[in-house]
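S.K.: Requesting a structural model of the entry that follows:
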Amino acid sequence: MSGIREFGQQEERRKLLNNTPTHITHTLTLTHSHIYTYTHTHITHTHTHTSHTHTHTTNNHPQLAKIEGEDASIRKEMDSPSSVSRRIRTLVSLDGTKAVVNLLKGASANTAERALEALVRMATEQEGRGVMVQQGGLSACIEASVSEEKTTTDNPTKLACSALAGHCIAKILVTTNPTLLTTTQRLGAVKPLLNLCKNNDSTNLQQFEGLMSLTNLGSCDDETKCRIVDSGGLATVNYLMYSEHDMVRRAATECVGNLIPHEKALEYFRDPERVKVWFAFMRDFEGDFETARAAASGLAMACGDEKVVDGILDFTDDKNVKSGVKGLEEVLKSANIELMHRGLVMVQMMVGAKEGEETMLKVSERSEASERTSSLFKPCEYN
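M.R.: Numbering: from 1, shown residues only. From the prediction side, this is the model:
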């Protein structure tokens with residue numbers, strides 16, 4: 001067994017993947033005694049070995065190194081990231097996903113962990129994600145995540161399996177058109193993605209990809225929005241808006257905004273304290289333009305609700321200045337066409353949500369100078 005596993009780590013084994021690819025499908029008829037070994041060989045195809053791994057292999061198996069005439073530095077050069085990408089693409093194109101999915105059926109926790117790790121690495125290649133969905137990779141990860149969640153959480157291996165399944169789902173759904181998925185796949189992916197986002201052990205990359213996938217799913221239909229909100233998604237995503245990592249914070253902001261017009265999402269924006277945070281993000285367009293744009297988009301959509309508009313017009317800062325209108329003025333005068341467009345949509349939605357003249361009167365009264373506010377609605381001149 002160990003001999004076969006070691007064989008899977010050698011460059012000749014990798015060359016075999018390109019030159020004699022049909023061996024991949026043989027894993028579909030493996031006996032249980034060989035499942036873990038072949039699962040391990042799939043993993044070796046989907047990542048590059050570090051110099052530490054090469055040194056470890058050479059030190060522990062000097063006979064193999066001597067027979068094969070290998071040198072650690074040469075192997076490292078040969079096993080470049082581009083070589084890994086080629087192997088992954090070859091694996092996916094030759095039904096490698098089917099093979100790994102088959103290995104997951106009835107597998108032990110250790111074998112499942114290795115198989116899911118292989119799927120995560122295969123999903124790093126964007127062009128192969130559609131094939132992975134077609135060959136059951138997404139559904140297998142959803143099923144694995146659900147099954148591991150039902151078992152005890154005291155087993156570290158099972159926890160790792162759940163995290164790997166969620167990460168694979170996130171990677172696949174970041175770029176997959178959600179309208180091409182079945183309803184079962186769309187709704188089934190929500191809980192694993194939320195678990196990935198709120199897991200304290202998740203990396204910033206995992207949280208970012210999970211949030212982007214939730215944003216992608218939420219754009220599909222109201223049913224998926226409801227599943228995200230009803231699964232506690234609003235609280236989970238809102239928490240990540242305070243992340244120290246700017247890309248996680250940005251993705252969380254986009255995700256919350258994408259849940260509108262769900263009623264609970266509108267209730268969320270009716271809270272003046274939360275609206276203050278969104279306006280703070282929007283006004284920081286010089287420091288973090290992408291997050292400011294996401295915040296402006298969410299506020300523009302929320303301004304169709306009358307109670308949200310009342311909160312924006314009434315909330316003040318520590319100096320008792322009407323921060324809502326002041327922030328809107330800053331965005332409209334930012335000289336950035338994307339932010340100005342969103343600011344004008346906010347005004348349009350505010351006027352539509354309430355009596356037009358009444359809203360414009362409030363905006364004018366709450367601004368520092370009514371003439372400055374009025375000038376915002378005059379035609380802009382561009383160089």
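S.K.: which residues of the stretch 151-300 of the chain score low on pLDDT?
M.R.: Under the criterion pLDDT under 70, the flagged ranges of the stretch 151-300 of the chain are 151-153.
S.K.: could you pull out the strands for the stretch 101-250 of the chain?
M.R.: In the stretch 101-250 of the chain, no strands are defined using DSSP state E, counting those that start in this stretch.
S.K.: residue ranges of the helices in it, please?
M.R.: 109-122, 129-134, 137-150, 156-174, 183-198, 204-218, 222-230, 233-240, 246-257 (DSSP state H, counting those that start in this stretch).
S.K.: Name the residues of the longest one that are buried.
M.R.: Yep, that's helix 156-174 we're talking about. 158-174 (16 or more other C-beta atoms under 10 Å). C-beta: built from backbone N, CA, C; applies to glycine.
S.K.: With the last one instead?
M.R.: Residues 247-257 are the ones in helix 246-257 that count as buried (16+ other C-beta under 10 Å).
S.K.: I'd like those laid out as TSV, including distance to A112.
M.R.: Supplementary listing: the buried residues of helix 246-257 in TSV, determined by distance: C-beta to C-beta, whole Å:
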residue	distance to A112
M247	30
V248	28
R249	33
R250	33
A251	28
A252	30
T253	35
E254	33
C255	29
V256	33
G257	36
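S.K.: re earlier: can you lay out the helices of the stretch 101-250 of the chain as a markdown table showing distance to V101?
M.R.: Shown next, in a markdown table, are the helices of the stretch 101-250 of the chain (distance: least, C-beta to C-beta, whole Å):
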| stretch | distance to V101 |
| --- | --- |
| helix 109-122 | 8 |
| helix 129-134 | 9 |
| helix 137-150 | 4 |
| helix 156-174 | 11 |
| helix 183-198 | 14 |
| helix 204-218 | 20 |
| helix 222-230 | 24 |
| helix 233-240 | 27 |
| helix 246-257 | 29 |
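S.K.: between these, which one is nearest to A302?
M.R.: Nearest to A302 among the helices of the stretch 101-250 of the chain is helix 246-257; the distance by C-beta to C-beta comes to 7.9 Å.
S.K.: Dump the C-alpha coordinates for the closest one into CSV.
M.R.: C-alpha atoms of helix 246-257 as CSV (Å, rounded to 0.1, in the frame of the first residue of the first chain):
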residue,chain,number,x,y,z
ASP,A,246,-10.9,44.6,3.3
MET,A,247,-11.9,42.0,0.7
VAL,A,248,-13.9,40.0,3.3
ARG,A,249,-15.6,43.3,4.5
ARG,A,250,-16.4,44.2,0.9
ALA,A,251,-17.8,40.8,0.0
ALA,A,252,-20.0,40.8,3.1
THR,A,253,-21.3,44.3,2.2
GLU,A,254,-22.2,43.1,-1.3
CYS,A,255,-23.9,40.0,0.1
VAL,A,256,-26.2,41.9,2.5
GLY,A,257,-27.2,44.3,-0.2
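S.K.: can I see the domain layout of the protein?
M.R.: 1-125, 262-383 (automatic domain parsing).
S.K.: How many neighbouring residues does the nearest residue to L181 once chain neighbours are set aside have?
M.R.: Distances taken as C-beta to C-beta, 6 or more residues apart in numbering place V133 nearest to L181, at 7.2 Å, with adjacent residues excluded. V133 has 20 neighbours, counted by other C-beta atoms under 10 Å.
S.K.: residues contacting V133?
M.R.: Contact partners of V133, counting by C-beta atoms under 8 Å, 6 or more residues apart in numbering, are 172, 176, 180-181, 185.
S.K.: If I average pLDDT within each of the domains of the chain, which one is lowest?
M.R.: For those, mean pLDDT drops lowest on domain 1-125, to a mean of 62.
S.K.: The one helix or strand L313 maps to: what's the following helix or strand?
M.R.: Using DSSP states H and E, L313 sits within helix 306-314. Downstream of helix 306-314, the first helix or strand assigned by DSSP H and E is helix 323-332.
S.K.: list the helices and strands that next one packs on?
M.R.: Judged by 3 or more C-beta pairs under 8 Å, 6 or more residues apart in numbering; DSSP states H and E, the packing partners of helix 323-332 are helix 272-283, helix 306-314, helix 337-353, helix 356-366, helix 370-375.
S.K.: List the buried residues for it?
M.R.: Buried residues in helix 323-332 (16+ other C-beta under 10 Å): 323-329, 331-332.
S.K.: Tell me how far the nearest residue to Y239 once chain neighbours are set aside lies from S83.
M.R.: The shortest distance from Y239 to any non-neighbouring residue, by C-beta to C-beta, 6+ apart, is to K198 (7.3 Å). Using C-beta to C-beta, to the nearest Å, K198 is found at 36 Å from S83.
S.K.: for G130, same thing?
M.R.: 23 Å.
S.K.: before we move on, what about F315?
M.R.: 56 Å.
S.K.: same thing with L313?
M.R.: L313 is 59 Å from S83, by C-beta to C-beta.
S.K.: Quick check on these two: which one has the bigger neighbour count.
M.R.: L313 (18 against 15).
S.K.: How many residues are close by the nearest residue to V131 once chain neighbours are set aside?
M.R.: Distance criterion C-beta to C-beta, 6+ apart; nearest residue to V131, sequence neighbours excluded, is V92 at 5.2 Å. Using other C-beta under 10 Å, V92 is surrounded by 22 other residues.
S.K.: I'm done for today, thanks for sticking with me.
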